[in-house]
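*Asks:* what's the 3D shape of this:
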Amino acid sequence: MLPFLIGAVKLTSLACGNQHIWACDSCGGIYFRVGTQPLNPSLMLPAWIMIEPPIQPVGVNLISLFSSPNDQSLWGIDSRWNVHVRTGITEEMPVGTDWEHIPGLQACQLAISSRTVWARCPNGDVARRYGITEKNPAGDYWKKIPGNVSCLTVTPIDELWAISASGQLLQRLTKTFYHSHSMQKHSNTSVSFHSDDFEDEWEVI
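*Replies:* Numbering: from 1, shown residues only. Just a heads-up that it's a prediction; the model follows:
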């Protein structure tokens, strides 16, 4: 393993996407890693870039970071369990441009797939963030789902796994209705299902 040092700071959280790495230190400082492949001379030289953290009250800092597997989304949790998202992330601007506070619930853990965000609340409740798109990285609203867990994770294709309070391994069974239109000739009627509509339940593995 190659040691990477960021001065005299104590790192508390790491988040890895497909190409990019984010880090958070004990004082709430945020860092972005460029040049993740130091042995390739055609890429940028390895370096950490310090990113301005969210504007917070005195004594409140980000403590955990969570990245999507495709590098398009970065979320964080602060010391009061408030949720924040990094906005303005694009392929041309991978560090993003600003932070946005996400109201509606407190979370102690997040799990991010390629298309949505799942949250575990301090009491073990689970919620899903709806409405996340490339142009709306913060999404629109949270919706809690049945179940109480002590840990959760999600695959890139949005398969949710969790550990129950009693230690059982759980998998969330989700049936998604994708957006579609059915148009008849000489008719203005259409049928559509929003891509965020779904039915689901837990299965004990």
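
*Asks:* residue nearest the centroid of the protein?
*Replies:* Using Cα atoms, centre = their mean, the residue of the chain that lies closest to the mean C-alpha position is Ile112, 3.7 Å off.

*Asks:* Please state the backbone phi and psi of that one?
*Replies:* Here is the backbone geometry of Ile112 (degrees, to the nearest 10): phi -120, psi 120.

*Asks:* what residues are up against the nearest residue to it once chain neighbours are set aside?
*Replies:* Among residues not flanking Ile112 along the chain, Ser68 sits closest, at 4.5 Å (Cβ to Cβ, 6 or more residues apart in numbering). Bear in mind the C-beta positions are built from the backbone N, C-alpha and C, glycine included. Contacts of Ser68 were listed using Cβ atoms under 8 Å, 6 or more residues apart in numbering, and they are 17, 74, 112-114.

*Asks:* same thing with Pro137?
*Replies:* 72-73, 85-87, 89, 100.

*Asks:* Out of those residues, which is nearest to Trp142?
*Replies:* Taking Cβ to Cβ as the measure, Trp142 lies nearest Val85 of the contacts of Pro137, at 12.5 Å.

*Asks:* so where does that closest one fall, helix or strand?
*Replies:* strand 83-87 (DSSP states H and E).

*Asks:* Could you name the helices and strands sitting against that strand?
*Replies:* Identification of packing neighbours for strand 83-87 by 3 or more Cβ pairs under 8 Å, 6 or more residues apart in numbering; DSSP states H and E yields strand 74-78, strand 98-102.
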